[in-house]
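*Asks:* Okay, sequence plus prediction incoming.
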Amino acid sequence: MSGLRHAATALLLALALVGAGTASSASAPKPAAAGQHPRTPLEHLVVMLQQGHSFDNYFGTRAGVDGLPGHVCLPQPGRRSCARPRAITGSPHVAFVDGSAAQRTAVDAGRMDGFVRAQDVHGHAASMVMGHYRDRTLPVLGDLADRGALFDHWFSGTDGNAVANDLFAVAARAPRHVVGVPPHGWRGVPLIFDRLQAAGVSWRIYVEDYRPGVTVRTAGPGELRDGQVARVPVLATARFLRGAGLGSHVAPLQRYYADLAHHDLPAVTFVVTTQHTEQPPRNPVTDQPVVRAVANALIASPAWSHAAFLLTYDTAGGWYDHVRPPTVNGATLGLRVPTVLLSPYVRPGRVVHKTYDAAAVLRLIEQNWDLAPLTRRDRDAASLLPVFSFRHGGRQGALIDVAASRPPVAQPDSWVLYGGYLAALAAGLGCIVAVTRRSSARPREST
């Protein structure tokens, strides 16, 4: 009987959700909250920050980009042979050394020949740093590049490690030599969320496998180096931990999908993974479906008509890249990282060769919502606005990594679709109720 009750409860819940879906599909998007006054047609920006891959590692063999050189072969300490780029298909099975010291060794004063030497701690496995994914090996990333703008000269914000670059992504500044978040957190560091809050512009950070009780006040050493506190600087900033406001600004990733369904996506969104990060030795083939889900949910929503999705990576993760990082305002940038921008206002399949770095995301937010810059880095960053074409109407979105060769499925009108769902569910519920009544009316056997 308990199984029947659970089934009946599940059907009733499904009926309620279908009814809610019907009402939601017919309603218009919610009006922008007070303070949201974008200077362009761009009303929503979704930024997803993944981890640990260089441009050559992901896009080095793609046509039309500044990709892998034809005859590169790097010296290997203690060996006569040199290391050439090699194609890989899954996990590198190596967690490469990353950070400013490793980058200095790898860059080798601009010769770009020290990448294997920088990973000497791994012995013979150090040559794996020359690995790269052939074009189309990663269908999600390849499809994103086909449908948006791909940047082949986008650099990490700083030559530091992932902790430093995760902070830079929202602060336009970061300490170079830092192992993890300091035990007291980030003090005296304004974040872009301070600017958004002061201007009344809505914002939210959606975190994969979010644990609300874990902040800099409660985190252990591991969380300060490679956990949600390290990945989400707001959780390491005391002023954001006071009061009850944190819950409205940092939420589980599941809420992102719910907010899209209820037309409640904030103006500025950051999506942060803590498990499917792509950081070596993780396998990007198994991690990138999360990227696909985040992008497709936005593309399929009413918000997409005035939105943009930007995917970027915090560091190159120790992987080989052949382009020397530039110096900006006296600071050496990190290596090139994959970055793709999708929007109805961005021409699909475009390759942008202009030099950008992580500060450009902050400048886009500041330009679009008329905010003051945080530092000289975002103030002087190259503008992303020229990549958009607001004069022409927005293009219709196409879902990512969905085979174009599949025959299109005819979609009935929504009232027919939901009406069919309701009828089927009601019929199922009627059968369960009938079975339950027959079971109750049956005489019990004597004992």
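*Replies:* On my side now, so go ahead.

*Asks:* can we go C-alpha only for contacts and neighbour counts from here?
*Replies:* OK.

*Asks:* So which helix or strand of the protein has the lowest pLDDT on average?
*Replies:* Every helix and strand in the chain was compared by mean pLDDT, DSSP states H and E; the lowest is helix 2-26, with a mean of 34.

*Asks:* Can you show me the CA trace of the following helix or strand past that one as PDB?
*Replies:* Next along the chain after helix 2-26, taking DSSP states H and E as the criterion, comes strand 44-50. Extracted C-alpha coordinates of strand 44-50, given in PDB (Å, rounded to 0.1, in the frame of the first residue of the first chain):
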ATOM      1  CA  HIS A  44      21.300  39.600 -18.800                       C
ATOM      2  CA  LEU A  45      24.900  38.400 -18.700                       C
ATOM      3  CA  VAL A  46      25.700  34.900 -17.600                       C
ATOM      4  CA  VAL A  47      29.400  34.200 -16.900                       C
ATOM      5  CA  MET A  48      30.700  30.700 -16.400                       C
ATOM      6  CA  LEU A  49      34.200  30.200 -15.100                       C
ATOM      7  CA  GLN A  50      35.800  26.800 -15.600                       C
END
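
*Asks:* need the contact list for the closest residue to Val65 other than its chain neighbours.
*Replies:* Of all residues not flanking Val65 in the chain, Asp152 sits nearest, at 6.2 Å (Cα to Cα, 6 or more residues apart in numbering). Contact partners of Asp152, counting by Cα atoms under 8 Å, 6 or more residues apart in numbering, are 55, 65-66, 336, 338-339, 351-354.

*Asks:* how about a markdown table for those residues, with distance to Val268 added?
*Replies:* What follows is those, written out as a markdown table (distance: Cα to Cα, whole Å):
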| residue | distance to Val268 |
| --- | --- |
| Phe55 | 26 |
| Val65 | 30 |
| Asp66 | 31 |
| Arg336 | 25 |
| Pro338 | 21 |
| Thr339 | 18 |
| Val351 | 25 |
| Val352 | 23 |
| His353 | 26 |
| Lys354 | 24 |
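
*Asks:* Show me which of these is closest to Ser156.
*Replies:* Arg336 (6.3 Å; Cα to Cα).

*Asks:* In the sheet, which residues pair with the closest one? Tell me.
*Replies:* Phe155 (DSSP bridges).

*Asks:* quick one: it and Phe151 touch, right?
*Replies:* No - Arg336 lies out of contact with Phe151 (Cα atoms under 8 Å); the separation is 9.5 Å.

*Asks:* Of those two, give the one with the bigger neighbour count.
*Replies:* Higher neighbour count among Arg336 and Phe151: Arg336, with 32 against 26, using other Cα atoms under 10 Å.

*Asks:* ok, the more buried one - contacts?
*Replies:* Counting by Cα under 8 Å, 6+ apart, the residues that Arg336 touches are 54-55, 152-156, 316, 321, 323, 325.

*Asks:* In strands only, show me the residues you listed.
*Replies:* Among the contacts of Arg336, the residues falling in strands (DSSP state E) are 154-155.
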